[in-house]
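> Could you look at this predicted model? Sequence included:
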Amino acid sequence: MSTVWIPQVLRASAGGNKQVELAGSSVGEVVDALVAQYPSLRGQLLADDGGLNRFVNVYVNGQDVRYLDGLSTPLGDADELRLLPAMAGG
Amino acid sequence: MPKTYADLLREARASIREVTPQDVGALPPGGATIVDVREASEWEQGHLPDALHISKSYVEQQIEGAVPDRDAPVILYCAGGVRSLFAAQSLEQLGYTNVASMSGGFQAWKSAGLPWEAPVILSAEQKQRYSRHLLIPEVGSAGQARLLGSKALLIGAGGLGSPAALYLAAAGVGTIGIVDFDVVDLSNLQRQILHTNDRIGERKVESARKTLEALNPDVKVIPHEEMLVADNVDRIITGYDVIVDGTDTFETRYLLNDAAVAKNIPVIHASVFRFEGQLTTFIPYEGPCYRCLYPTPPPPELAPGCSVAGVLGVVPGIMGMLQANEALKVLLGIGETLAGRLLLFDALDSTFTELKLRRDPACPVCSTEAVAARAEGRPLPIPSFAAAGAAASAGEPFILGGGQA
């Protein structure tokens, strides 16, 4: 199981959860499991083509998946996935 | 029979190795720790480059802090080469094994035409005001002088800008520019600690100027009472050494990023949302820029500012102070900045999390290709903010908090 950390800005779309434990052998599988559980997250995370939106970064154990294998990045047990949308507030 | 001064001097000469100014001048950088043992008033008239100052009366107390390794090479000098001999004897008594005294002292050094530098002289009041900085070797009088000669630009005198501005002003950053076109509102005072209740309705730049100049009269505040837009961004940021980004719109953040990268000015970036904050330092071409981190802005529905979503007042306070810390390190050239690292703060858990950031090799602003294109006067196309936002929201509508689309 991977732990997905949900930032505050997305939390209301994820049942108010701060972290969710999900199974999946790749980032894509875990993101699919997440949006299956919380459908209103789909539009916020994924673009029409199924790829990640450019304004949401996904980090696996602190590393940006854009510089790993994107949604194909493999996940092991106990990996930590962090969703990070841009915030503007100052 | 009591000894005379001449006896003591003869004994010191016999036991302490002496080196000439030419020997010292020929040392590679870092070849020895050079300690000036004269009085502070003499040091202020000029000294060897890279020398430490420990006056002879404090040598025994302070040398262990300055040179912990007793086998490290140490060269002492004074004005004429006598006091440094006696100080060297003290070091030998303390167990220093590689101590020398520079014969002829600073006078002989200058006569030989070797380079020397005059420290910036702080006034008596400044020495007292910045005394806690002067005690830190990484700052000292040279660093403090550097801060006094530095220019920092704050974008926004709000939740992030308030604590950043207060600490930069207290630290003696000599010029602080503030860009803000807003006026003080009652709802600002929960977090924007530059402003006060009796200034509601006053221009924020003016309120900020009053607060900062009252805190530290060394600081010159330059108010820029205008909205940062494409037509004025280059004019406003030119000449500043560092920029603290405390705006609350994506449009301004991208605009600032693109201009600052082109002008090679570091930007200390922070943003806040309710109980969370993000912080990083963008150092052009050394680390990623804002567009490398977030290539496109989110649609407005997904990214409300503090006026819509709310924020715990202390969160921008903490993030703004971390911005001031980054800015001071950039100005002083010390420590490791957050370039290439994103620091997340969660106020509810009291946790900090660090994520690794990378430069985007295809970045339209800071990539090698983008730099070359700018140099040739044909900058790479960057999608306009409106177009990017529209494209982002062209798919399924974004729903903040699962509410209405």
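Yep, it's here. Numbers count the residues shown, from 1 in each chain, chains lettered A, B, ... in the order given.
> Report the contact partners of the residue of chain A most remote from its centre.
No residue in chain A sits farther from the centre than residue A:90, which is 24.5 Å out by Cα atoms, centre = their mean. By Cβ atoms under 8 Å, 6 or more residues apart in numbering or on different chains, the contact list for residue A:90 reads B:156, B:158-161, B:245-248, B:270-272, B:305-306, B:316. C-beta: built from backbone N, CA, C; applies to glycine.
> 7 Å - rerun?
By Cβ atoms under 7 Å, 6 or more residues apart in numbering or on different chains, the residues touching residue A:90 are B:156, B:158-160, B:246-248, B:271-272, B:316.
> and what of residue B:165?
Applying Cβ under 7 Å, 6+ apart, the residues contacting residue B:165 are B:154, B:157, B:176, B:178, B:194, B:208, B:212.
> Enumerate the residues of the stretch 101-250 of chain B near chain A.
By Cβ under 7 Å from any Cβ of the partner chain, the part of the stretch 101-250 of chain B that sits against chain A consists of B:156, B:158-160, B:246-250.
> let's see it at 6 Å
Within the stretch 101-250 of chain B, the positions lying close to chain A (Cβ under 6 Å from any Cβ of the partner chain) are B:156, B:158, B:160, B:246-250.
> need the strands for the stretch 251-400 of chain B, in chain order.
Ranges of strands in the stretch 251-400 of chain B, per DSSP state E, counting those that start in this stretch, are B:267-273, B:276-282, B:341-346, B:351-356.
> what's the straight distance from one end of stretch A:83-90 to the other?
20 Å (Cα to Cα, to the nearest Å).
> Could you tell me how far it lies from the centre of the chain?
Distance of stretch A:83-90 from the chain centroid (Cα atoms, centre = their mean, to the nearest Å) equals 15 Å.
> try stretch B:302-320
Distance of stretch B:302-320 from the chain centroid (Cα atoms, centre = their mean) equals 25 Å.
> Buried residues, that stretch. List them.
Neighbour counts over stretch B:302-320 (16 or more other Cβ atoms under 10 Å in any protein chain shown) mark B:302-306, B:309, B:311-312, B:315-320 as buried.
> Show the contacting residues for residue 88.
Because you didn't say which chain, this covers chain A. The contact partners of residue A:88, by Cβ atoms under 6 Å, 6 or more residues apart in numbering or on different chains, come to B:248-250, B:271, B:303, B:305.
> Chain B, not that one
For residue B:88, the contacting residues are B:16, B:76, B:99, B:101, by Cβ under 6 Å, 6+ apart.
> gap between it and residue B:61?
Residue B:88 is 16 Å from residue B:61, where distance means Cβ to Cβ, to the nearest Å.
> picking that back up, could you tell me which of the contacts of residue B:88 belong to strands?
Counted as lying in strands by DSSP state E, out of the contacts of residue B:88, are B:76, B:99, B:101.
> quick one: which of those residues is nearest residue B:42?
Nearest to residue B:42 among these, counting by Cβ to Cβ, is residue B:76 at 13.8 Å.
> Is it correct that that closest one is in contact with residue B:84?
Yes: the pair residue B:76 / residue B:84 is scored as a contact, 4.0 Å apart, by Cβ atoms under 6 Å.
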